[in-house]
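Novice: Provided below are the primary sequence and the corresponding predicted coordinates.
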Amino acid sequence: MTKAPQPTPMSAGRRIYNSLFWIIIYLVGMVIGSALAWLVGAGLNEQIGAGFLGGFVLLFITNRWVRRVKSRPN
């Protein structure tokens, strides 16, 4: 049985941009979640909680989408 080739490590610049991408996705999710909570008239504590939840939900959805796009054959 042959071994799969080892993936090439990412450069430092690419790691930084990758981290920034996920941070921005999380922040956008927080803004969306807290804005929706504000629209329904929630208090500040609920807006903060909805922001955290919205950030995690958008991270999960984006991660699933990125994995599906990467796994497609060229």
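Specialist: Great, that's in hand. Numbers count the residues shown, from 1 in each chain.

Novice: Which residue ranges of this protein form helices?
Specialist: Secondary structure of the chain (DSSP state H): helices located at 12-39, 44-71.

Novice: Minimum distance to Ala4: which of the ones you listed has it?
Specialist: In terms of CB to CB, the element of those nearest to Ala4 is helix 44-71, at 14.6 Å. For glycine as for every other residue, the C-beta is placed from the backbone atoms N, C-alpha and C.

Novice: Need the helices of the chain in a markdown table (columns: mean pLDDT and mean neighbour count).
Specialist: Listed next are the helices of the chain as a markdown table, based on pLDDT from 0 to 100; neighbours: other CB atoms under 10 Å:
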| stretch | mean pLDDT | mean neighbour count |
| --- | --- | --- |
| helix 12-39 | 95 | 14 |
| helix 44-71 | 94 | 14 |
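
Novice: Dump the ones you listed into JSON lines; add distance to Lys3 as well.
Specialist: Below are the helices of the chain laid out as JSON lines (distance: least, CB to CB, whole Å):
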{"stretch": "helix 12-39", "distance to Lys3": "25"}
{"stretch": "helix 44-71", "distance to Lys3": "20"}
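
Novice: For Pro5, which of those is the nearest?
Specialist: Nearest to Pro5, of all these, is helix 44-71, at 16.2 Å by CB to CB.

Novice: quick check: angle from that closest one to helix 12-39?
Specialist: Here helix 44-71 points in a direction 140 degrees away from that of helix 12-39 (axes from the mean of the first three to the mean of the last three CA atoms, to 10 degrees).
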